[in-house]
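Student: Structural data only, the sequence is not supplied:
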Ligand SMILES: Nc1nc(=O)c2c([nH]1)NC[C@@H]1CN(c3ccc(C(=O)N[C@@H](CCC(=O)O)C(=O)O)cc3)CN21
Ligand SMILES: CC(C)C(=O)C(=O)O
Ligand SMILES: [Mg+2]
């Protein structure tokens, strides 16, 4: 009892004098501040409650529920096969795990291209049911800009995405570096200008040469978030499965731009194999992991069972 009261007292003192308030969710204002201060913006992708919690605990700035989860988490061949309902299920789980980051969700292939109304409808559903803060969609050609404007005009922040846009891999000829020739570089630059004019709060630059990304970043007044776009973007994004080494998949070797900071996959397999070998007498231990029963109760139980036969 005394220790409980003392614990409560310490807790109250701790609250009163601690400089750490309960962390509230980051907003667009925080993202703009980082950009203004030239502090690199940290973005990762998350999949579910667990990975959402990892991102929140690490204090990332932007947590993206990327449609790449189709491949890394669900085993689809590409992102275009991802059903919207399956995506939404993951969006909801991430949000339950992360109450700290600014959360952005991709608009999956087929859920926003057809019209401004369709793009808005999908975005509203993600905001309402997924409880997230912003959406990201691929492409910045003029027809896509009208879809983006409709979403932004309705009060939903939009992140652009240019360069290697994986949903368009069939017209891009695969997951290939973009913008190496003058015309394609100009096209990517023009898309960025249009996206900024439409009111996007940031743009992902994926798989383009370092110098092109650097130049685009210097020309824009909104942050660029790079993946395979060199060190001169306003921020960086990596896919969680790539940075944690969650997948050892020979059929999908990591891209050149990936840096692997952990080896979850091999650690997991090792741990499960250790568990198997422990079953030969090491785990579980009677005292540490087991539960006791009063001797009398056990004897009486056995007696009653024996009486039945
Ligand atoms: N795990 C994962 N990480 C990603 O970053 C990612 C996905 N999945 N799935 C959706 C897209 C696809 N992405 C990819 C996939 C492969 C390369 C890749 O291998 N690129 C070549 C470029 C060289 C060339 O132009 O041929 C490379 O060698 O890096 C790039 C982006 C990025 N996205
Ligand atoms: C790689 C990022 C930008 C993305 O779009 C995704 O993970 O789906
Ligand atoms: Mg994506």
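Tutor: Everything's here; your move. In this text the structure is predicted, and so the values were computed from the model without any measurement. Numbers count the residues shown, from 1 in each chain. Ligands and ions are numbered 1, 2, ... in the order given.
Student: separation between residue 37 and residue 299?
Tutor: 73 Å (CB to CB, to the nearest Å). Heads up, the C-betas are built off the backbone N, CA and C, glycines and all.
Student: What parts of this structure come near ligand 3?
Tutor: With CB under 5 Å from the ion as the criterion, the chain comes near ligand 3 at residues 66-67, 106.
Student: Regarding residue 103, which helix or strand does it belong to?
Tutor: Assigned by DSSP states H and E, residue 103 falls within strand 102-106.
Student: Other residues contacting the helix or strand just after that strand?
Tutor: Of the helices and strands lying after strand 102-106 in sequence (DSSP H and E), the nearest is helix 116-130. By CB atoms under 8 Å, 6 or more residues apart in numbering, the list of residues contacting helix 116-130 from outside reads 65, 84, 88, 91-92, 95, 105, 107, 111-113, 132-133, 135, 137, 146-151, 154, 156, 158.
Student: run the last query once more with 7 Å
Tutor: 88, 91-92, 95, 105, 107, 111-112, 132, 135, 146-147, 150-151, 154, 156 (CB atoms under 7 Å, 6 or more residues apart in numbering).
Student: That one: which residues count as buried?
Tutor: Under the neighbour-count criterion of 16 or more other CB atoms under 10 Å, helix 116-130 has 116, 118-120, 122-123, 126-127, 130 buried.
Student: so what's the backbone phi/psi at the residue nearest to residue 190 when sequence neighbours are not counted?
Tutor: Nearest non-adjacent residue to residue 190, counting by CB to CB, 6 or more residues apart in numbering: residue 140, 7.7 Å away. Taking degrees, to the nearest 10, you get phi -140, psi 20 for the backbone angles of residue 140.
Student: how many neighbours does residue 140 have?
Tutor: If you count neighbours by other CB atoms under 10 Å, residue 140 ends up with 26.
Student: got it, and the one 5 residues further on?
Tutor: The local packing count at residue 145 equals 19, with neighbours defined by other CB under 10 Å.
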